[in-house]
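Chemist: Quick one, fold the following:
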Amino acid sequence: MMYIWILIMGLTTIELNPKAWKYGLRRNAKAWFAFQGIRYLLGLGISIYIIYFGLIDLSWSGLLNSFGWIVALNLMISGLFLGAAKVPRNPEEVKQQARLAFTNASTTIGSILFAGLLFMNVVFPLTVTEQLSNLGNIETSDEQIESVTEEAVRAVPYTYARYKSEIVFGNIDNFSFYDLGESSIQKINDELYWVSPIEYANIWRWLRADAAPGYIMVSAEDPNAEARLISEHDMKYVPSAFFGENLERHVRQQYEDVVLIGYSFEPDDDGHPYYAYSYAYYDYYRTGPNADGVILVDAVTGETERFDLGEQPEFIDNAIDYRVALQYADWFGRYSNGLFNAYFTKEGVHEPTSNEEMIGVLGPDDDMYWMIDHTRPNQESNTMVGFTMINAQTGEATYYTGSSGLLNARGAQEVVNKSFIREQWRGTQPVLYSVYDQYTWVIPVVDQNGLMREMAMVHAETGNIAHASSREGAFQEYRQMLAANLGADDYVPTDVYDEMEISGNVYRVSDPFNNQYLQVLVEGESRVLEFDITQSADAVFIQDGDEIEATVVDTEENILQVLSFINLTVEDDFGVIEEFEIEEEDEGSETADDEEVEVDVES
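Modeler: All right, here's what the predicted structure looks like:
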């Protein structure tokens, strides 16, 4: 069907004015047909370029918006040269021909069509801005998002994943034939990975190679994990292939009228490579793509299957392309109160902090989400007014307002950058999570070469930062920061921690690690008690068999952070020092022997 449309649309460049045909055939029919044949060949070339290479959707609006301009210009030019076949005999006939050129039906129809297309592409989108703001069905909520576990937080940034992928890429046979495709975050077998398909370098490499040799996986959770080359699958249908094996052309030939938005590389849980092509339809001429579903393409065999949004296989993480999700978030913040308000009054207007990308995050329900924070318009603000999360698998979207006034991505990244000025490291790809029911920016820290050095966690309300060389260490430092630093400022994170009392006999004590922490096992408690010896120095004297009472915070994890404790065994043996005061000698005292010391000890 695509080729039939190419032949039909090639006719848009031939003479469309019946009067011109009448004049042309009357003067010299053979020359006229030859001239129209040349024009058709020109139109055929344009049609091939637009339909075969441009791969437009073959819907009525797609064809009209692509070829309507050609038809309009054709009719106007034809009208302007109407009568050219008849040689004027006097100046009066020249004026008459000029009047006819500007008033004949061909020129009128062409002008109306041109003006109509201009209106529909430039003016009409401005008349439906309020409808565009509702297109993503974004709901507003002042509730806090559910906290995620440590395993749901991605620790490896894009740049570091690319670096590790490039190392493995060098091990591919004939690696000069290929390029590393775009990396995306995926959940495979309940773990987060960066996956990068291997693409052809150019058409000559495509002609030489039989297929693209698989893809590369890099753990998004463990910076120390090695990248893996998955080479068991020869992928023929990829974006960088040509002609019938080109991914987009392969999909377009089978689904000619859908609006193709973008694709995502999606290996299933068994490692078989697929591409998920997000498609949509337009609600308002060529404005406002409404995400409708996904087309699944087997990268090895080329088999395709079409799914409505939300009904696709579970392993597809990105059924909605991030560009559509970003448009929804932008329209919602910009146009909710109308076009005039968006550009003049600006009441309630907010906008995403980036107009280029959304961050893919794993939600507490194990679905992938597109997330972006919003800020005030036209201001280099470091605080946000809210953030949008769009479920990339179902399309459900929520704008959360409870984060207003907290650090936005730009502000959190500045906090990290200032913390590593001496090392000249920088934060990259900030991601907002709810950690222990506290909004927290998780920011990988990389050096000048893009290599990961630390993982930082920035408390979005206070800007306090905790960091370590591993995700586990960063969470540990963050727990300590919430319990100690924020508590010292009379900040009680009641939603974060449930305080509880633990008592029992100690039966295992660890050696201090990082010169700061001591871990203890107590009879009757399956979880580990962790002491910060910089806050409780006497914790280093705990021994096996001691009976202790401790106030801890329960984060429903395997480690209980100790806020305070009493070692009952030491108290029984040695008593409690109630007061130990050394009075300084008065000015003018003759000797230190006159110093008065008061010691009150209860045994």
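Chemist: Only C-alpha atoms from now on, for both contacts and neighbour counts.
Modeler: Will do.
Chemist: got a list of contacts for the helix or strand containing Q561?
Modeler: With secondary structure defined by DSSP states H and E, Q561 is part of strand 559-567. Taking CA atoms under 8 Å, 6 or more residues apart in numbering as the criterion, the residues outside strand 559-567 that touch it are 479-480, 483-484, 527-532, 536, 542, 546-554.
Chemist: Can I have the buried ones of the residues you listed as a ChimeraX selection?
Modeler: The buried subset of the contacts of strand 559-567, as determined by 16 or more other CA atoms under 10 Å, is captured in ChimeraX by this line:
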select :479,480,483,484,528,529,530,531,532,542,546,547,548,550,551,552,553,554
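Chemist: and the strand holding Q561, how far from the chain's centre?
Modeler: For strand 559-567, the distance between its averaged C-alpha position and the chain's averaged C-alpha position is 40 Å (CA atoms, centre = their mean, to the nearest Å).
Chemist: Helix or strand next in line after that strand, which one?
Modeler: Next helix or strand after strand 559-567 toward the C-terminus (DSSP H and E): helix 568-574.
Chemist: buried ones in that next one?
Modeler: For helix 568-574, burial by neighbour count (16+ other CA under 10 Å) applies to 568-570.
Chemist: again, but for stretch 51-60
Modeler: Using 16+ other CA under 10 Å as the test for burial, stretch 51-60 gives 51-52, 55-58.
Chemist: In helices, which of the residues you listed appear?
Modeler: Per DSSP state H, helices hold no members of these.
Chemist: closest to H272 among those residues?
Modeler: Checking the buried residues of stretch 51-60 against H272 with CA to CA, the nearest one is L55 at 27.1 Å.
Chemist: residues contacting the closest one?
Modeler: The neighbourhood of L55, defined by CA under 8 Å, 6+ apart, consists of 248-249, 252.
Chemist: go again using 6 Å as the cut-off
Modeler: Counting by CA atoms under 6 Å, 6 or more residues apart in numbering, L55 makes contact with nothing.
Chemist: Test for you: state the pLDDT assigned to it.
Modeler: The confidence metric pLDDT takes the value 93 at L55.
Chemist: roughly how far apart are it and V552?
Modeler: 62 Å (CA to CA, to the nearest Å).
Chemist: Excluding chain neighbours, what is closest to P125?
Modeler: Distances taken as CA to CA, 6 or more residues apart in numbering put T287 closest to P125, at 6.2 Å, once the chain neighbours are dropped.
Chemist: Please identify the helix or strand for L113.
Modeler: helix 105-118.
Chemist: got it, and G348?
Modeler: If you go by DSSP H and E, G348 is not part of any helix or strand.
Chemist: neighbours around it, how many?
Modeler: Using other CA atoms under 10 Å, G348 has 15 other residues around it.
Chemist: Roughly how far does it sit from D321?
Modeler: Relative to D321, and taking CA to CA, G348 is found at 27 Å.
Chemist: Kindly report the same for M1.
Modeler: Distance of M1 to D321, computed by CA to CA: 27 Å.
Chemist: who has more neighbours, these two?
Modeler: For M1 versus D321, the count of surrounding residues by other CA under 10 Å is larger for D321: 23 against 9.
Chemist: Quick one: residues contacting that one.
Modeler: If a contact means CA under 6 Å, 6+ apart, then D321 has G262 as its contacts.
Chemist: Just the pLDDT at it, thanks.
Modeler: Note on D321: pLDDT of 92.
Chemist: which helices and strands does the longest helix along the chain pack with?
Modeler: Taking residue count as the measure and DSSP H as the definition, the longest helix of the chain comes out as helix 18-47. Counting by 3 or more CA pairs under 6 Å, 6 or more residues apart in numbering; DSSP states H and E, no packing neighbours are recorded for helix 18-47 among the helices and strands.
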